[in-house]
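J.: Model the following, please.
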Amino acid sequence: MKKIILATAATALVLAGCATEGPSRRVLTGAGIGAVAGGALGTLAGGDDGRNAAIGAVVGAIAGGAVGDYMDRQEAQLRQQTAGTGIEIERQGDQIYMYTPSDVTFQLNSAAIQPQFYGTLNDVAATLIDFPSTAVDIVGHASADGPADYNMDLSQRRAVSVSNYLTNQGLRPVRLSAVGMGETQPLPGISPEDPQNRRVEIVLTPIVEGGQQGYYN
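T.: Below you'll find the model as predicted:
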């Protein structure tokens, strides 16, 4: 099973207020991001061997047989810490996807994280520090409401804001990658202009010992 398929290479994170949508929507989202990032943004979600090696050299890689338990424990801790916050979590194989609606994290047309969200991100950061052998990819998305170039820039700035915040909480920068996708990756089944497309997604991908592509050797 691939540990590095860049599903959300930063993308697909989901769960709470979207019970009517179900996991399939997010899975499709992740696959779409994977295709784009895999081809053009190969540094995401562990898709770059050099990045994987750098992370592995700094924090250590996970033995193949221990990956499932490692990610299970990380997922359980994240679910406990984010319950009721608006962050949605989804597990795909050995990757963990978290989805944060932009109205929870940011004000309209702003890349400044709302102060009321600091505590939640602090808890997320604490868990990520407890489980260091993962690549952390952050992807910003926008709806198609407004100029495409503005939406691309805003999505990038939002992703960078989250990345910088996590770094300031103690995460090693080598683990983090931030990218904006603008309005190019709308959620399946809804209009590109729908506000739900304004979102920030985080994907956690294990850095695994072994010889397959994307692993740390």
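
J.: Outside of the longest helix seen in the chain itself, which residues are in contact with it?
T.: What stands out as the longest helix in the chain, according to DSSP state H, is helix 148-168. Helix 148-168 has contacts (C-beta atoms under 8 Å, 6 or more residues apart in numbering) with 10, 100, 102, 105-106, 109, 111-113, 118, 121, 124-125, 128, 136, 138-145, 173, 176-184, 200, 202. C-beta: built from backbone N, CA, C; applies to glycine.

J.: what bits of this structure have low per-residue confidence?
T.: Scanning the chain for pLDDT under 70 picks out 1-61, 210-217.

J.: mind redoing it with 90?
T.: Residues of the chain meeting the criterion pLDDT under 90: 1-65, 86, 100-110, 142-143, 145, 187-188, 190, 195-199, 207-217.

J.: Just the contacts of helix 148-168: which are in helices?
T.: Counting by DSSP H, the contacts of helix 148-168 contribute 102, 105, 118, 121, 124-125, 128 to helices.

J.: ok so, going back, may I see the buried residues of the longest helix of the chain?
T.: Residues 151-163, 165-167 are the ones in helix 148-168 that count as buried (16 or more other C-beta atoms under 10 Å).

J.: with the residues you listed in mind, which one is nearest to Asp72?
T.: Leu166 (21.9 Å; C-beta to C-beta).

J.: ok, that closest one to Pro101 distance?
T.: Leu166 sits 18 Å away from Pro101, going by C-beta to C-beta, to the nearest Å.

J.: ok, back up a step: which member of the ones in helices among the contacts of helix 148-168 is positioned nearest Ile190?
T.: Nearest member of the ones in helices among the contacts of helix 148-168 to Ile190, counting by C-beta to C-beta, is Ser102, at 14.8 Å.

J.: pretty sure the closest one is touching Arg199, no?
T.: Yes - between Ser102 and Arg199 a contact is recorded at 5.7 Å, counting by C-beta atoms under 8 Å.

J.: neighbour-wise, which of the two wins?
T.: Neighbours were counted for Ser102 and for Arg199 using other C-beta atoms under 10 Å; Arg199 has more, 28 against 24.

J.: Does that one touch Thr100 like I think?
T.: Yes - judged on C-beta under 8 Å, Arg199 makes contact with Thr100 at a distance of 6.6 Å.

J.: The closest residue in space to Ala142 that isn't next to it in sequence and Phe106: what is the separation?
T.: Nearest residue to Ala142, sequence neighbours excluded (C-beta to C-beta, 6 or more residues apart in numbering): Asn151, at 3.6 Å. Going from Asn151 to Phe106 by C-beta to C-beta gives 13 Å.
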